[in-house]
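Participant: let's see this in three dimensions:
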Amino acid sequence: MTDAAQPKDNALEDILADADTGGRVPTQGFNKAALWYLPLTWAIYQLWIASPLPFMLGFGVWNDTQTRAIHLGFAVMLAFLAFPGLKSSPRTRIPAVTWVVAIVAAVAASYLWWDYRGVAQRTGNPSTTDVVMAGIGIVLLLEAARRSLGLPLMGVALFFLGYVFFGSWSGLPEVVQWKGASFNKAMSHMWLTTEGVFGVALGVSSGFVFLFVLFGSLLNQAGAGNYFLKLAFAALGHLRGGPAKAAVIASAATGLISGSSIANVVTTGTFTIPLMKKVGFPATKAGAVEVSSSINGVLTPPVMGAVAFLMTEYVGISYVEVVKTAIVPAAISYVALVYIVHLEALKMGMTGTSRMNPIKFMLGAIFIIAISIVIAGGTLFATGLIVDTIYTAFGGAALYVILAIILVAYVAALRYAAQGPDLDISLESMQSLPPTKEIFKTGIHYLMPILLLMYLLMIERKSPGLSAFWSTIFMLFILLTQNPLKAYFRGQSNVVQQVRNGFSDIAEGMIAGARNMIGLAAAMGVAGIIVGAVTLTGIGQVMAEFVEFLSGGNLLAMLFFVAVISIVLGMGLPTTANYIVVSSLMAGVVVELGAQNGLIVPLVAVHMFVFYFGIMADVTPPVGLASFAAAAISKGDPLKTGFQAFFYSIRTALLPFLFIFNTDLLLIDVGPVQAVFVFIIALIAMLLFAAGTMNYFMVKSKLWESAALLVAAFVLFQPGFFLNKLQPEFEQRPGTELFQMAEAADENASLRVRLSGENINGDMIDARYLLPLGPTGPDGETRLFDSAGIEFRDEDGKLYVDNLNFGGPSEQLGIDFDWEVVELDVAADRMPKEIFYIPALLLLLAVWMLQMRRKRAQDPQEALA
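Facilitator: A predicted model of the protein is given here:
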């Protein structure tokens with residue numbers, strides 16, 4: 001495949017290269033070969049360690065720490081080779097000095113691989129060589145991150161390193177001072193243990209993320225990105241503002257295979273932005289629509305810019321649970337953005353070959369998404385039943401039967417696709433697309449590896465790494481065979497040449513995937529420095545005290561300041577590093593201060609909160625990198641594009657506040673039927689919020705009508721707000737009933753407990769906590785210990801915390817020893833909160849009737865559309 005026809009100018013190519021793959025492209029000789037073979041070798045290495053072959057052959061078996069070291073060694077070496085150090089550095093050759101530094105960096109980064117036994121034997125007593133290698137490694141890792149990601153992440157890491165070494169300086173405010181660390185202690189913590197660089201983040205990068213990035217790269221190399229883009233345009237291009245609506249949907253599809261908002265902008269924006277401008281969107285708004293939809297691509301399961309896999313490690317829940325919590329906010333945010341585009345088209349007087357009024361749009365969107373979810377879920381569920389039936393019928397031979405069925409289905413899909421021409425890759429082709437049905441049939445086989453990935457993750461519950469490995473192997477098979485089989489079915493004579501092209505596509509896809517991982521792996525390593533600094537210094541507690549001081553103890557003010565700090569921390573950082581930084585610093589702040597204010601939410605909701613606002617940094621000026629990429633395509637002003645994108649993304653910024661106070665939006669403790677109801681109500685509420693902020697519903701809204709729509713949206717999102725004013729949400733019970741209530745609670749329920757006591761800093765804490773209970777057990781005391789990791793003792797008729805499991809749920813919540821159980825909160829018996837939907841819907845009906853009357857008076861024919 002070739003993308004020569006894509007209209008990318010030099011500025012756009014530079015932005016993409018600087019952000020993802022590296023701006024250095026040697027033209028000849030050894031240097032060119034090095035930047036071809038090294039990424040390819042890295043990709044092969046990652047496939048090797050993910051496969052069962054090392055264990056079957058007894059060769060190339062390394063532990064997790066060693067594989068992380070090799071992974072980082074490849075990344076830092078390629079960062080120096082592929083990314084020029086300065087603007088004046090050569091782009092077409094690699095200087096000899098750069099080669100020397102790159103090799104030294106790779107040796108230092110892989111130190112824990114080639115001297116693993118020695119380092120392990122010297123644990124707690126590092127040698128001079130250990131410390132020197134650690135110092136060199138950290139310096140060169142920071143430089144690799146600067147080259148591949150720019151100054152922001154390096155600057156944040158240097159700030160935290162400075163705090164590690166100089167945090168004891170008397171010139172600092174007493175509240176932020178700590179005892180400081182020696183060079184030996186800091187280097188040992190950061191480089192020679194799994195508390196720093198080689199911690200969870202780099203482990204996720206090596207074990208899961210690389211394979212998903214590689215899978216996405218191979219899928220794009222096969223033509224899936226172009227297929228999704230054309231499909232979206234064919235389905236929506238005929239509507240008002242069709243190219244803009246197609247841009248939103250195309251970015252949603254691209255988000256399945258990309259973990260970068262900038263890559264999303266460049267991949268889809270190259271086509272969508274010029275077409276949006278052609279139908280009447282100003283350059284600023286065209287770029288902003290693309291930026292807003294590309295940001296949402298990172299928030300959309302299953303990959304979420306690799307954050308989904310990090311969240312499983314940090315929060316301690318399954319991957320399926322992470323996907324479940326993320327799906328509703330992402331879906332309603334996307335639909336709301338399509339609706340915003342629709343309202344913009346109405347305000348600008350745009351027309352299409354087909355028009356749809358807002359009510360029809362709402363109902364259609366709800367129907368299409370519901371049907372899509374049902375079809376996708378039904379397909380996966382049915383596949384699971386078929387697989388179980390095959391295993392029952394064929395026993396040990398079942399795997400071969402399943403592979404044969406997949407092969408037959410794949411060949412049938414290709415034969416169907418070969419009946420029409422392949423999709424052209426050019427801007428001109430977007431303006432005269434064939435019918436949606438014709439486009440759909442050309443790429444049915446692209447859906448098969450995605451369904452396989454989803455099946456392995458969601459039904460078989462395989463690990464993300466194993467699921468991505470087998471899906472990637474399927475993609476390699478598709479790249480090798482799709483064009484030869486199409487040529488055969490079309491009766492062409494170039495089948496052998498197409499096989500050669502297939503091998504070339506495989507190599508190019510693997511190289512592109514590896515080069516896309518350079519900055520990401522470097523970011524994971526540098527983020528480990530930041531996490532190491534947090535664990536070494538305890539600065540997380542300082543951040544909590546700082547936010548508490550700013551907010552004055554007000555809950556909403558606290559959440560607002562956490563949101564602002566998360567945006568500031570996330571500026572200029574790639575998605576994964578962004579999440580690691582903001583979650584390490586701010587998630588604990590929300591948990592601690594929220595508990596003191598009576599706000600108790602599951603940890604995954606807190607992590608989603610800071611993640612959403614960290615991602616908003618990609619939009620927000622002055623750093624918003626995605627906005628700069630879009631402006632390079634639209635030729636609009638980058639700052640104006642960023643501000644417009646931020647306005648469009650207000651709906652995304654609203655969601656975290658909503659699901660903090662209403663965890664139903666994250667489908668936490670929500671059944672299937674209730675989940676559908678929650679989705680429909682939340683979608684209507686989000687569309688009303690969009691209409692209110694856009695000041696346009698059926699017609700241009702009056703000020704009080706916009707306010708009424710916003711009130712209706714608020715009530716639909718948070719019906720319990722007004723009910724809590726009328727009836728208390730909880731009743732209090734004595735703390736001595738803890739064990740009885742824990743024993744009687746339902747499976748996987750949680751117990752809301754008020755505790756008070758002195759923390760490690762000598763401060764008195766009086767806060768509420770949510771203790772998970774897990775499966776039912778023989779008694780409440782055992783259940784609390786097994787699921788919440790906490791034990792209590794009885795002293796004079798009062799219960800006190802007696803023991804905490806290190807790293808357990810209770811310890812992570814910040815609970816400490818000897819705290820007293822003051823009281824328990826149980827749900828009060830009161831009217832259903834959904835009763836408040838009635839006045840909200842009546843208010844909506846009143847606004848709709850008034851606006852429809854004005855609409856009929858203005859244009860009777862338009863009102864019937």
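Participant: got the domain boundaries for the chain?
Facilitator: Annotated domains of the chain cover 10-150, 730-827 [automatic domain parsing].
Participant: residue 158 is nearest to which of these?
Facilitator: domain 10-150 (7.0 Å; Cβ to Cβ). Every C-beta, even on glycine, is put in place using the N, C-alpha and C of the backbone.
Participant: comparing the domains of the chain, which comes out most buried?
Facilitator: Mean neighbour count (mean count of other Cβ atoms under 10 Å) peaks for domain 10-150 among those, with a mean of 18.
Participant: state the mean pLDDT of that one.
Facilitator: The average pLDDT for domain 10-150 rounds to 87.
Participant: same thing with stretch 764-776?
Facilitator: 84.
Participant: what residues does it touch?
Facilitator: Residues outside stretch 764-776 that contact it (Cβ atoms under 8 Å, 6 or more residues apart in numbering): 592, 595-596, 598, 600-602, 742, 745-759, 783-784, 786-788, 790, 809-810, 813, 815-816, 819, 822, 825.
Participant: name the SS class of residue 765, please.
Facilitator: strand (DSSP: H, G, I helix; E, B strand; the rest coil).
Participant: bridged to it, which residues?
Facilitator: Here residue 765 sits in beta bridges with residue 757, as judged by DSSP bridges.
Participant: quick check: it vs residue 226, distance?
Facilitator: 56 Å (Cβ to Cβ, to the nearest Å).
Participant: if we can go back for a sec, mind giving me JSON lines with the domains of the chain and columns for distance to residue 521?
Facilitator: Formatted as JSON lines, those follow (distance: least, Cβ to Cβ, whole Å):
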{"stretch": "domain 10-150", "distance to residue 521": "4"}
{"stretch": "domain 730-827", "distance to residue 521": "26"}
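Participant: looking at the ones you listed, which is nearest to residue 699?
Facilitator: Closest among the domains of the chain, using Cβ to Cβ: domain 10-150, at 38.8 Å.
Participant: just the helices in the stretch 51-200 of the chain please.
Facilitator: Ranges of helices within the stretch 51-200 of the chain are 53-57, 64-82, 96-109, 111-114, 116-121, 128-149, 151-166, 183-191, 200-204, based on DSSP state H, counting those that start in this stretch.
Participant: and what of the stretch 251-400 of the chain?
Facilitator: 261-278, 283-299, 307-315, 319-347, 358-394, 398-417.
Participant: select, out of those, the one closest to residue 83.
Facilitator: Between residue 83 and the helices of the stretch 251-400 of the chain, the shortest gap by Cβ to Cβ is with helix 261-278, which sits at 14.9 Å.
Participant: ok, now which ones touch the spatially most central residue of the chain?
Facilitator: The residue lying closest to the centre of the chain (Cα atoms, centre = their mean) is residue 304, at 2.4 Å. Shown in contact with residue 304 (Cβ under 8 Å, 6+ apart): 259, 298, 311, 322, 326, 575.
Participant: and the pLDDT for it?
Facilitator: Looking at residue 304, the pLDDT reads 70.
Participant: is it true that residue 805 touches residue 811?
Facilitator: Yes. Contact criterion Cβ atoms under 8 Å: residue 805 and residue 811 qualify, at 6.4 Å.
Participant: shared neighbours, the two?
Facilitator: What both residue 805 and residue 811 touch, as defined by Cβ under 8 Å, 6+ apart, is the set residue 789.
Participant: A strand includes residue 793, no?
Facilitator: Yes. Assigned with three-state DSSP, residue 793 falls within a strand.
Participant: could you look up the SS state of the nearest residue to it once chain neighbours are set aside?
Facilitator: The shortest distance from residue 793 to any non-neighbouring residue, by Cβ to Cβ, 6 or more residues apart in numbering, is to residue 802 (4.0 Å). Using three-state DSSP, the structure places residue 802 in strand.
Participant: now residue 807
Facilitator: coil.
Participant: state the distance from the residue nearest to the centre of the chain to residue 575.
Facilitator: 8 Å.
Participant: could you find the closest non-adjacent residue to residue 141?
Facilitator: Closest to residue 141 by Cβ to Cβ, 6+ apart is residue 525, at 5.3 Å.
Participant: mind checking pLDDT for that neighbour?
Facilitator: Looking at residue 525, the pLDDT reads 90.
Participant: what's the answer for residue 712, then?
Facilitator: 92.
Participant: and if you look at residue 586?
Facilitator: 80.
Participant: quick check: it is in a strand.
Facilitator: No. Under three-state DSSP, residue 586 falls outside any strand and is assigned helix.
Participant: residues in contact with it?
Facilitator: Going by Cβ under 8 Å, 6+ apart, the list of residues near residue 586 reads 543, 562, 565-566, 569, 610.
Participant: repeat that with 6 Å
Facilitator: 562, 566, 610 (Cβ atoms under 6 Å, 6 or more residues apart in numbering).
Participant: do the same with residue 536
Facilitator: residue 189.
Participant: for residue 634, see how far away it is.
Facilitator: 45 Å.
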